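> fold the stuff below for me.
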Amino acid sequence: MSETEQNQEVETEIDEAVESAGSETADATESEEVTLETQLAEAQAKADDNWDQLMRVRAEMENIRRRSERELANAHKYALEKFAVELLPVIDSMEMGVAAAMDENADVSKLREGTEMTLKMFEIAIEKFGIKSVHPHGEAFNPEHHQAMTMIDSPEHEPNTIIDVMQKGYLLNERLVRPAMVVVSSAKSGKGADSDEKE
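Have a look, this model is predicted:
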């Protein structure tokens, strides 16, 4: 074989090897492109799914917020509904008492009895909602719950004792709403009594 033929054969082999390598590279590139496209499609599908979930959660949160606002508005608007329902029988009783008092032959003792029953109904109704009266007759004066209207010398009572209640006070769940207006025995009365006994 001549040198030229050998060179041509080598060139042919080189060309074939280059072609073979080129086709393998092309196949590898195509395979990589398919893999990348598949991965991109999967990533896009996941992103779309996450976006849908986010939109659903946001819509649900918006619905919860609106429902909470509506419930809060209703709670403020109708907060006294139970209290009002408890007071309605008291109003009915008072109306019946007024109607009975308008009768020419009204019996005062029965009207008094009906008024006392109505007052008792009212006290029971407000106690259900934590409102209690403060009627401290005979108790020691407490400036946190009582308002002294006057002080009187009273030999029969210890100093700073409530000897009369001019107006009851009220607590709402143990918090003072209105102090009781009271008359208190003065400290002089106790000292005066002690000094008289010693003499």
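> would you list every one of the strands in this protein?
Shown for the chain, the strands assigned by DSSP state E span residues 131-134, 146-152, 162-167, 169-172, 175-178, 180-185.
> and residue 108, how far is that from residue 118?
Between residue 108 and residue 118 the distance is 15 Å, computed by CB to CB, to the nearest Å. Where C-beta positions appear, they are placed from N, C-alpha and C, glycine not excepted.
> which sections of the chain are below the confidence cut-off?
By pLDDT under 70, the low-scoring segments of the chain are 1-7, 10, 15, 17-28, 187-199.
> walk me through the domains of it.
According to automatic domain parsing, the chain comprises the domains 1-77, 80-129, 131-199.
> and among those, the most buried is which?
Comparing the domains of the chain by mean neighbour count (mean count of other CB atoms under 10 Å), domain 131-199 ranks first with a mean of 15.
> now that one: how far from the chain's centre is it?
The chain centre lies 38 Å from the centre of domain 131-199; the measure is CA atoms, centre = their mean, to the nearest Å.
> surely residue 135 touches residue 180?
Yes. At 6.8 Å, residue 135 counts as touching residue 180 under the criterion of CB atoms under 8 Å.
> okay, and the common contacts of the two?
165, 168-169 (CB atoms under 8 Å, 6 or more residues apart in numbering).
> mind putting the strands of the chain in a markdown table, distance to residue 114 included?
Converted to a markdown table, the strands of the chain look like this (distance: least, CB to CB, whole Å):
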| stretch | distance to residue 114 |
| --- | --- |
| strand 131-134 | 21 |
| strand 146-152 | 31 |
| strand 162-167 | 24 |
| strand 169-172 | 24 |
| strand 175-178 | 27 |
| strand 180-185 | 27 |
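> tell me which of those strands lies nearest to residue 9.
Proximity to residue 9 (CB to CB) singles out strand 175-178 among these, at 110.7 Å.
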